[in-house]
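Asks: coordinates only, no sequence provided:
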């Protein structure tokens, strides 16, 4: 009985953490993706586990056009329906997932092109530095948290430490003229995040 209980709890937290990740900024989605591009959704096929999208690529920001599949796997249904709409253009981050028979192009991030600003494009193309690591000292902001068992991360030349209040969308980490990874912000902050809880503005 205890085994079943613990297994159920493990699966519950695995699903929740997979769908609702801990502290992060959009730069991390960009850097872990193989491709960044704008594309129009030309078809949607509902699957048992995720939707499959037909896409027509319009602009490529990262990766090679010839390597981008014309079909894209959406998020798992355990995370809810993502709401991509037919005949609508999106900025998409995607990665290739290995498959024994064929590679799958899998969705990592999306935003409607109509909601994209010039600052979003400039931040993505000029500010995102994938050579910089991004660290979060989220545990230090919880009351009565014993930081002796979890030492705080310190800033280094190749890593930024996120401030307690940061914006997932506008934040970036980039090497400065001295080669030091430095935290910055550019553009719209539509979702201010606090280490011990989200704040929507």
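Replies: Now that the structure is in, tell me what you want to look at. Only a predicted model underlies this, so the values are computations on that prediction, with no experimental measurement involved.
Asks: ranges for the helices of this structure?
Replies: Assigned helices in the chain, in chain order: 2-19, 26-32, 118-122 (criterion: DSSP state H).
Asks: for the first one, the averaged confidence score.
Replies: Averaged across helix 2-19, pLDDT comes to 38.
Asks: check what pLDDT the residue nearest the centre of the chain gets.
Replies: The geometric centre of the chain, computed from its C-alpha atoms, lies nearest to residue 29 (CA atoms, centre = their mean), at 3.1 Å. On pLDDT, residue 29 comes in at 96.
Asks: that one and residue 66: what is the separation?
Replies: Distance of residue 29 to residue 66, given as CB to CB, to the nearest Å: 23 Å. C-beta: built from backbone N, CA, C; applies to glycine.
Asks: now do the domain split for the chain, please.
Replies: Domains of the chain are assigned by automatic domain parsing as 33-116, 119-199.
Asks: these: lowest mean pLDDT?
Replies: Lowest mean pLDDT within those: domain 119-199, a mean of 81.
Asks: how far off centre is that domain?
Replies: 14 Å (CA atoms, centre = their mean, to the nearest Å).
Asks: any chance you could map the strands in the chain?
Replies: Along the chain, counting by DSSP state E, strands occupy 35-45, 52-62, 71-73, 89-97, 104-112, 133-135, 159-161, 165-167, 171-175, 181-185, 192-194, 197-199.
Asks: can you redo those as TSV with mean neighbour count and distance to residue 124?
Replies: Compiled in TSV, the strands of the chain are given as follows (neighbours: other CB atoms under 10 Å; distance: least, CB to CB, whole Å):
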stretch	mean neighbour count	distance to residue 124
strand 35-45	17	7
strand 52-62	16	6
strand 71-73	18	19
strand 89-97	20	8
strand 104-112	17	11
strand 133-135	18	15
strand 159-161	19	17
strand 165-167	17	14
strand 171-175	22	9
strand 181-185	17	13
strand 192-194	17	19
strand 197-199	8	23
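Asks: ok, which of those strands comes nearest residue 22?
Replies: Of all the strands of the chain, strand 192-194 sits nearest to residue 22, with 10.4 Å by CB to CB.
Asks: quick one: contacts for residue 37?
Replies: Applying CB atoms under 8 Å, 6 or more residues apart in numbering, one finds that residue 37 lies in contact with 57, 58, 59, 60, 61, 62, 63, 65, 68, 91, 92, 94.
Asks: this completes my enquiry, with thanks.
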